[in-house]
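> from the sequence below, what's the structure:
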Amino acid sequence: MNEVKKSLNDISKKLVKIQDAREFLLKNSREVIVLCSKAIILAHSGKNDEAKKILKNAENLLKKYRTKLSPEISRYLITAEQEFVEASCFISIIEKKPIPSEKKMNVMSESYVLGLMDCIGELKRTVFDKIRVGQVDEAIRIFEIMEELYMNLYPFSLYDKVVKEARKKMDVARILVEDVRVSITEEKRRSELLRTIEKLK
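You can find the predicted model right below:
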């Protein structure tokens, strides 16, 4: 039994380290999630510079936490990375910049896909905000990106067992896209009618 005892002792030590790292990630990754949420709120308010500063803090924390990663616990950082992707992509879109790649953000594939899916919801809110203030062209621009994201992400719903909740998120995204499409169409018709009335005056 000596070899068995030695093996079990080694395994126990390994599991203690994994458990400690897991608890560390679960506790501290919440700070990243909070920072990303604040960045999105600020971006919706037009405070992009402040949003990017906060997002940079979140990025630095993620870099720090990745040093704790091992294959056994990497999944515990997915939610934080997902929020980071969502905020980063959202800010890039409203600033008319290219959406950053998975490699550039240095996140896991699952985090990248889920973050982009969540970004669709933030874009819907932005489209409606732009319509309310009469920025129809900007609303259309953002909707087109929203729709393109949906079309590119839809195939990932097939990997629902691998990418957690992918199918559910895409079902929600489909509804969001259709809601915005109706609003955009109505706004276009209203704008055209107003232009026609102005010409007749």
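> strands along the protein, start to end?
Applying DSSP state E to the chain gives no strands.
> okay, now the unreliable bits of it?
Along the chain, the model assigns pLDDT under 70 to residues 201.
> need the longest helix for it.
Across the chain, the longest stretch assigned as helix under DSSP state H is helix 2-44.
> show me which residues of stretch 117-132 are buried.
By neighbour count with 16 or more other Cβ atoms under 10 Å, stretch 117-132 contains the buried residues 117-124, 126-127, 129-131. Any C-beta I mention is one placed from the backbone N, CA and C, and that applies to glycine too.
> just give me the closest of those to E165.
Using Cβ to Cβ, M117 is the member of the buried residues of stretch 117-132 that lies nearest E165, at 8.7 Å.
> settle this for me: the closest one is touching M170, isn't it.
Yes - using Cβ atoms under 8 Å, M117 is in contact with M170, at 6.6 Å.
> between these two, which contacts overlap?
Here M117 and M170 share the contacting residues L153, F156, scored by Cβ atoms under 8 Å, 6 or more residues apart in numbering.
> one step back: which two of the buried residues of stretch 117-132 have the greatest separation?
Farthest pair in these, by Cβ to Cβ: M117 and I131, 22.9 Å.
> roughly how far does the nearest residue to S37 once chain neighbours are set aside sit from S12?
Nearest residue to S37, sequence neighbours excluded (Cβ to Cβ, 6 or more residues apart in numbering): E83, at 7.0 Å. Using Cβ to Cβ, to the nearest Å, E83 is found at 34 Å from S12.
> more neighbours: which of those two?
Using other Cβ atoms under 10 Å as the criterion, E83 and S12 rank with E83 on top: 25 against 9.
> surely that one and E31 touch.
No - the pair E83 and E31 does not pass the contact test of Cβ under 8 Å, sitting 10.9 Å apart.
> okay, and the common contacts of those two?
A58.
> okay, domains of the chain per the record?
Listed domain ranges for the chain are 1-83, 108-201 (source: automatic domain parsing).
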